[in-house]
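K.L.:
coordinates only, sequence not included:
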């Protein structure tokens with residue numbers, strides 16, 4: 001059959017078949033179809049700078065035929081300097097001169113561009129940073145979330161499903177099948193009362209055991225003997241243990257009986273990530289292979305294996321390191337440390353042969369020896385190899401007896417003549433004459449060391465040659481200066497302190513005398529010496545401090561502050577005789593300093609030498625005829641010794657010569673204490689006429705009137721007093737307290753309000769107003785007053801202490817925390833916390849906080865009284881005596897309860913122990929429902 005012609009085949013073919021669709025074509029739009037566009041139609045998202053698709057590109061304009069030939073001579077393209085924008089020479093031929101000119105201009109442009117490159121790069125960098133800040137990448141937007149992934153635990157991380165894994169939990173985390181082996185007890189169960197030791201081949205259990213008959217398989221038939229299986233298992237285990245035991249030259253490495261126990265005790269010591277260990281192991285292996293002669297690489301590798309529990313691998317590595325780095329003593333020492341004692345000795349022996357001049361290896365060899373003779377032998381061999389090692393000589397001498405040590409030191413100073421320690425050790429072992437010779441040789445070999453000179457001074461002092469001590473120290477300083485040695489003042493003072501602790505007091509004093517003024521400017525000497533003395537006293541070097549004060553007084557004999565500092569030092573750390581001797585010298589040089597006279601008189605009085613105290617005060621009267629302090633001290637001396645007539649005569653004479661406010665007050669107080677109330681009031685009236693602004697005179701007069709029962713007269717006195725002395729807080733408190741006792745609460749409130757206006761930001765007045773409302777039953781009013789008070793006085797300890805007990809018991813602890821934050825080192829707040837612990841029954845805690853309180857403010861008598869009361873109730877006798885002893889040493893004078901009882905007129909002769917007992921007896925026991933203490 002003939003093929004049809006091509007015209008017939010293409011008769012029905014459309015002319016658009018095989019051609020791309022026109023732009024915007026939507027199939028079926030003519031019959032009402034709605035078109036849609038997909039990603040495959042428009043392609044991926046593109047940036048504005050990307051090349052657009054040719055299919056969707058706008059139609060380009062056709063160029064005119066003569067555009068290239070015509071120049072743009074428009075006025076908009078014209079510049080006065082450059083002319084027209086087009087090239088005027090574009091039609092001319094381009095020759096070599098044009099090429100050379102273009103190259104020159106290109107070089108110039110390049111050079112100019114290099115000058116502006118830095119500025120342009122900075123500008124581009126800044127623009128890029130601004131662009132990144134305005135349009136950050138997605139990975140930058142999630143940086144903070146990525147950082148928080150560090151806090152995700154392993155369990156939380158493991159529970160996160162994989163992306164796109166939509167399976168349920170059972171499909172995601174399939175459990176592996178569990179196969180439980182069948183125990184022998186099930187197989188050998190009792191059938192018919194008889195123990196069966198074989199398995200019936202026809203039973204179903206036969207197919208579960210290897211070697212039993214299974215239908216369809218070539219399994220030998222027969223009974224299975226379970227006892228033979230157990231015997232075979234024991235035999236196999238024994239063979240394996242025997243193989244392990246004979247693995248190393250016949251030595252037993254594993255104990256067969258304790259094999260399983262040892263396996264259980266092998267607990268890995270390293271608890272880190274095993275991946276980190278693998279990474280470290282690979283890294284160290286790379287270091288070893290790269291530089292096999294690097295000792296730290298071998299040591300680090302061995303220690304890594306040691307940490308992970310592979311001690312044998314560590315030993316092998318470090319021994320390999322010894323082969324690769326035989327001159328490294330660190331590798332040999334590490335090998336000896338990792339090996340057991342017997343092997344360590346062999347390793348050290350090999351190390352000694354390789355490095356015979358290493359002191360550290362010899363010391364390790366001696367440490368590995370257990371017997372003293374062996375240690376001595378090792379050190380002597382070491383000294384034969386290294387005779388100039390000071391460390392080896394010291395260690396060898398420490399093992400010897402005194403005579404042998406002396407012989408060794410004699411040889412040691414020959415081998416190490418520059419070792420000061422060896423010379424000094426030899427001098428200590430020699431007798432006096434030989435020690436002097438040894439020290440002289442030591443000075444010849446070490447002319448720049450000060451310790452030899454100080455030791456020589458100590459030697460002379462120990463043998464009674466006190467006259468040579470000062471000369472030796474003076475010569476030492478001059479010789480060291482001649483040898484260009486820097487004289488460090490602090491080092492010498494430290495040597496003096498060490499000499500004092502060693503018992504060489506004269507040497508210490510000589511050093512201080514010769515060195516304390518060295519290198520100090522004249523205008524700074526006094527201040528520097530006082531600081532040095534305080535520092536020495538703080539460190540317990542009292543003789544050094546005394547020597548510094550003595551030198552300072554010799555330079556400044558007329559300085560009152562130096563005498564006072566020395567007197568206070570002697571009173572605290574010296575004896576009564578040394579204090580009195582110093583004070584006698586002080587009043588000779590400074591007769592107008594009243595404090596020195598009074599300290600001397602008090603010292604005599606405390607020693608119960610009243611005539612001597614009177615004579616000192618008489619001399620003080622001559623030096624200071626009108627001194628108020630001396631008059632009052634003389635009066636106190638006489639009144640304390642029951643010489644009241646002498647005290648009256650002294651006060652009368654003092655009023656005639658120096659009628660000061662204190663003299664008038666002491667005169668009235670003496671008469672008041674002796675019961676002469678009318679005479680006391682007369683003296684107070686005279687004093688008020690003379691010095692009406694002295695508040696204590698008004699207070700004493702009011703208290704005497706209250707004692708006589710004249711409450712209205714006392715109120716008049718207080719009212720007149722607060723007009724004259726508006727800043728006296730005790731006067732305002734006495735007036736308000738009297739009005740409260742008389743039942744005039746409104747007047748008392750007005751008085752306290754007026755006092756706070758006159759004296760703003762005063763916490764004592766606020767506290768009295770708060771307690772007034774509490775005693776009146778106005779708890780809410782007291783709380784509002786407390787809030788106002790804390791706003792005005794936010795750091796007041798007494799207010800915060802009261803605020804703790806104003807709260808309910810459940811809120812007191814949180815309130816105490818706030819109080820401690822605001823007033824951390826305030827004794828009143830700490831005392832309130834101690835009482836709070838006492839209420840809760842925590843006696844040990846309360847004792848700690850009471851102790852903290854008396855350390856913060858030892859002058860607070862209330863703290864001592866509370867502490868003592870708790871010890872009376874719950875402590876032992878030793879604890880009570882300890883608190884009382886510390887209180888007497890502190891001699892407190894302040895505190896609300898303490899001052900209330902100590903200021904009572906009938907307690908004016910009582911001492912600190914009696915006041916402590918009185919206050920402790922009067923204090924209430926802390927309870928939960930009490931608000932005022």
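P.N.:
Yep, that arrived. Given the structure is predicted, the values throughout are model-derived calculations rather than measurements.

K.L.:
helix or strand for residue 846, which one?
P.N.:
In the assignment (DSSP states H and E), residue 846 maps to helix 843-856.

K.L.:
list the buried ones in the helix or strand just after that helix?
P.N.:
Per DSSP H and E, helix 843-856 leads on to helix 861-874 as the next helix or strand towards the C-terminus. For helix 861-874, a neighbour-count test (16 or more other Cβ atoms under 10 Å) marks 861, 862, 863, 864, 865, 866, 867, 868, 869, 870, 871 as buried. Placement of C-beta: from N, CA and C, glycine included.

K.L.:
which residue sits closest to the third one, ignoring its sequence neighbours?
P.N.:
Taking Cβ to Cβ, 6 or more residues apart in numbering, and ignoring the residues beside it in sequence, residue 863 has residue 853 as its nearest neighbour in space, at 4.4 Å.

K.L.:
what of the first one?
P.N.:
Nearest residue to residue 861 in three dimensions, chain neighbours excluded: residue 898, at 2.8 Å (Cβ to Cβ, 6+ apart).

K.L.:
from what I can see that neighbour touches residue 919, true?
P.N.:
Yes. The criterion here is Cβ atoms under 8 Å, and residue 898 meets it with residue 919 at 5.6 Å.

K.L.:
count of neighbours near residue 659?
P.N.:
By other Cβ atoms under 10 Å, 15 other residues sit near residue 659.

K.L.:
whoops, residue 563 was the one
P.N.:
Neighbourhood size, residue 563 [other Cβ under 10 Å]: 26.

K.L.:
following element in sequence after the helix or strand encompassing it, please.
P.N.:
When elements are assigned from DSSP H and E, residue 563 belongs to helix 560-573. Heading C-terminal from helix 560-573, the first helix or strand you meet, by DSSP H and E, is helix 576-589.

K.L.:
what's the first helix or strand after that following helix?
P.N.:
Next along the chain from helix 576-589, counting by DSSP H and E, comes helix 594-606.

K.L.:
using neighbour counts, pick out the buried residues of that next one.
P.N.:
594, 595, 596, 597, 598, 599, 600, 601, 602, 603, 604, 605.

K.L.:
my guess is the first one meets residue 621, correct?
P.N.:
Just to be clear, that refers to residue 594. No. Contact status for residue 594 versus residue 621: not in contact, 10.8 Å apart, counting by Cβ under 8 Å.

K.L.:
against residue 687, how distant is the residue nearest to residue 625 when sequence neighbours are not counted?
P.N.:
Distance criterion Cβ to Cβ, 6+ apart; nearest residue to residue 625, sequence neighbours excluded, is residue 657 at 7.5 Å. Residue 657 sits 16 Å away from residue 687, going by Cβ to Cβ, to the nearest Å.

K.L.:
with neighbour numbers in mind, choose between these two.
P.N.:
Remark: of residue 657 and residue 687, residue 687 carries more neighbours, 26 against 11, as counted by other Cβ under 10 Å.

K.L.:
coming back round to it: who touches both of residue 898 and residue 919?
P.N.:
Jointly contacting residue 898 and residue 919 under the rule Cβ atoms under 8 Å, 6 or more residues apart in numbering are 861, 862, 865.

K.L.:
ok, those vs residue 809, which is closest?
P.N.:
Minimum distance to residue 809 across those is 22.2 Å, recorded for residue 862 (Cβ to Cβ).

K.L.:
could you dump the buried residues of helix 594-606 into TSV with distance to residue 773 and pLDDT added?
P.N.:
TSV is the format used below for those (distance: Cβ to Cβ, whole Å; pLDDT from 0 to 100):
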residue	distance to residue 773	pLDDT
594	47	82
595	46	82
596	51	82
597	51	84
598	46	80
599	48	83
600	52	81
601	49	82
602	46	81
603	50	82
604	53	81
605	48	80
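
K.L.:
which of those sits closest to residue 566?
P.N.:
Nearest member of those to residue 566, counting by Cβ to Cβ, is residue 596, at 10.2 Å.

K.L.:
what sits against the residue nearest to that closest one when sequence neighbours are not counted?
P.N.:
Distance criterion Cβ to Cβ, 6+ apart; nearest residue to residue 596, sequence neighbours excluded, is residue 586 at 4.6 Å. Each residue near residue 586 by Cβ under 8 Å, 6+ apart is listed here: 563, 566, 567, 593, 596.

K.L.:
where in the stretch 51-200 of the chain is pLDDT low?
P.N.:
Applying pLDDT under 70 to the stretch 51-200 of the chain flags residues 51-92, 161-200.

K.L.:
can you pull up the most central residue in the protein?
P.N.:
residue 824 (18.3 Å; Cα atoms, centre = their mean).

K.L.:
that one belongs to a helix, doesn't it?
P.N.:
No. Under DSSP: H, G, I helix; E, B strand; the rest coil, residue 824 falls outside any helix and is assigned coil.

K.L.:
quick one, helices of the stretch 301-450 of the chain?
P.N.:
311-324, 329-338, 341-354, 359-368, 372-385, 390-398, 402-415, 420-429, 432-445, 450-462 (DSSP state H, counting those that start in this stretch).

K.L.:
can I get those in JSON lines including distance to residue 843?
P.N.:
Below are those laid out as JSON lines (distance: least, Cβ to Cβ, whole Å):
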{"stretch": "helix 311-324", "distance to residue 843": "53"}
{"stretch": "helix 329-338", "distance to residue 843": "52"}
{"stretch": "helix 341-354", "distance to residue 843": "54"}
{"stretch": "helix 359-368", "distance to residue 843": "51"}
{"stretch": "helix 372-385", "distance to residue 843": "54"}
{"stretch": "helix 390-398", "distance to residue 843": "51"}
{"stretch": "helix 402-415", "distance to residue 843": "56"}
{"stretch": "helix 420-429", "distance to residue 843": "53"}
{"stretch": "helix 432-445", "distance to residue 843": "60"}
{"stretch": "helix 450-462", "distance to residue 843": "52"}
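
K.L.:
mean neighbour count added to those, as JSON lines?
P.N.:
Output for these, formatted as JSON lines (neighbours: other Cβ atoms under 10 Å):
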{"stretch": "helix 311-324", "mean neighbour count": "18"}
{"stretch": "helix 329-338", "mean neighbour count": "22"}
{"stretch": "helix 341-354", "mean neighbour count": "16"}
{"stretch": "helix 359-368", "mean neighbour count": "20"}
{"stretch": "helix 372-385", "mean neighbour count": "16"}
{"stretch": "helix 390-398", "mean neighbour count": "19"}
{"stretch": "helix 402-415", "mean neighbour count": "16"}
{"stretch": "helix 420-429", "mean neighbour count": "20"}
{"stretch": "helix 432-445", "mean neighbour count": "16"}
{"stretch": "helix 450-462", "mean neighbour count": "22"}
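
K.L.:
can you put those helices in JSON lines and add mean pLDDT?
P.N.:
Shown next, in JSON lines, are the helices of the stretch 301-450 of the chain (pLDDT from 0 to 100):
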{"stretch": "helix 311-324", "mean pLDDT": "91"}
{"stretch": "helix 329-338", "mean pLDDT": "91"}
{"stretch": "helix 341-354", "mean pLDDT": "89"}
{"stretch": "helix 359-368", "mean pLDDT": "90"}
{"stretch": "helix 372-385", "mean pLDDT": "88"}
{"stretch": "helix 390-398", "mean pLDDT": "87"}
{"stretch": "helix 402-415", "mean pLDDT": "85"}
{"stretch": "helix 420-429", "mean pLDDT": "85"}
{"stretch": "helix 432-445", "mean pLDDT": "87"}
{"stretch": "helix 450-462", "mean pLDDT": "88"}
